[in-house]
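A.B. asks: pasting a predicted model and its sequence here:
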Amino acid sequence: MTNPLEATDAPLSHKLGHALNRVQVAMRAESWEACGQNGLNPTQGQIVVLLGQRAGGLRLRELADELAVSAPTISDSVSTLVEKGYVRKTKAKDDARAVTVRLTATGKKLVAKLDAVGETIETVLSALPESEQIQLYRTMLRMVRELQSAGKIPVARMCVTCRYFRPNVHHDPERPHHCALVDAAFGDRTLRSDCPEHETADAHLAEQNWKSFVTAQR
Ligand code: SF4
């Protein structure tokens, strides 16, 4: 006999997408609240947080690429942040026509407040067993990488796209990977999702590393 629940069940991928959407609703609400408390909209808040991770500042085009928003949106948002005293614009050293955006001292103080965005989701995640957190982290990195490959989001400074990454080269199950930059072994929980030393691997190495990373699922 046909099971009525199974017969009308949606594909698992659809249900996962729906669940992710619910998580996103909570994260967005938290982001709006934290930014609103500081007189910013979420895009302006994202710019402040991103610049907090880039000591050398970013150009307008780089900000637009990193946040996957249009150039006019970035330009308007940066102008507002300049008016509020959170960022300043300077001429790029290597190109007089380009503008670099940096945080002011006031902007740096704001980063700590906005970076707490996502505290609720962090609390929920930290309640999961560590093995589940690590598995989920791998899955999320995989999704991010797929979205990057499809051109849906900008390339993040993740180990899995870095030229120094050597996945699964050690026998130690706790630390199977190697970072050739600092010459150290590390495990999945130490994989970086935004490393300042990241350098993008060429297409061949990136593909080779990715295959090695995903085929050795533990
Ligand atoms: S340099 Fe950074 S991103 Fe690259 S492998 Fe080492 S830790 Fe990972």
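C.D. replies: Received it, and whenever you're ready, just let me know what you need.

A.B. asks: point out the residues in the protein that sit beside the ligand.
C.D. replies: C159, C162, Y164, F165, C179, L181, R192, C195, E197, H198 (C-beta under 6 Å from any ligand atom). All C-beta atoms are positioned from the backbone trio N, CA, C, and that covers glycine.

A.B. asks: among the residues you listed, which are in strands?
C.D. replies: Counting by DSSP state E, the residues of the chain next to the ligand place F165, C179 in strands.

A.B. asks: could you dump the residues of the chain next to the ligand into JSON lines with pLDDT and neighbour count added?
C.D. replies: Listed next are those as JSON lines, based on pLDDT from 0 to 100; neighbours: other C-beta atoms under 10 Å:
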{"residue": "C159", "pLDDT": "95", "neighbour count": "22"}
{"residue": "C162", "pLDDT": "95", "neighbour count": "22"}
{"residue": "Y164", "pLDDT": "97", "neighbour count": "16"}
{"residue": "F165", "pLDDT": "97", "neighbour count": "28"}
{"residue": "C179", "pLDDT": "97", "neighbour count": "19"}
{"residue": "L181", "pLDDT": "96", "neighbour count": "14"}
{"residue": "R192", "pLDDT": "93", "neighbour count": "18"}
{"residue": "C195", "pLDDT": "92", "neighbour count": "18"}
{"residue": "E197", "pLDDT": "92", "neighbour count": "11"}
{"residue": "H198", "pLDDT": "93", "neighbour count": "20"}
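
A.B. asks: out of the residues of the chain next to the ligand, which one sits closest to E30?
C.D. replies: R192 (23.7 Å; C-beta to C-beta).

A.B. asks: the closest one touches R157, doesn't it?
C.D. replies: Yes. With contact defined as C-beta atoms under 8 Å, R192 reaches R157; the gap is 7.4 Å.

A.B. asks: overlap of the contact sets of the two?
C.D. replies: When contacts are counted by C-beta atoms under 8 Å, 6 or more residues apart in numbering, R192 and R157 have H198 as shared neighbours.

A.B. asks: tell me what the lengthiest helix in the chain is packed against?
C.D. replies: Looking across the chain with DSSP state H, the single longest helix is helix 12-37. Secondary-structure packing of helix 12-37 (3 or more C-beta pairs under 8 Å, 6 or more residues apart in numbering; DSSP states H and E): helix 42-52, helix 105-115, helix 119-126.

A.B. asks: can you tell me which of the ones you listed is packed in deepest?
C.D. replies: For the helices and strands packed on helix 12-37, the largest average neighbour count (mean count of other C-beta atoms under 10 Å) is found in helix 42-52, namely a mean of 21.

A.B. asks: tell me what V99 is bridged to.
C.D. replies: In this entry, V99 is beta-bridged to K91, by DSSP bridges.
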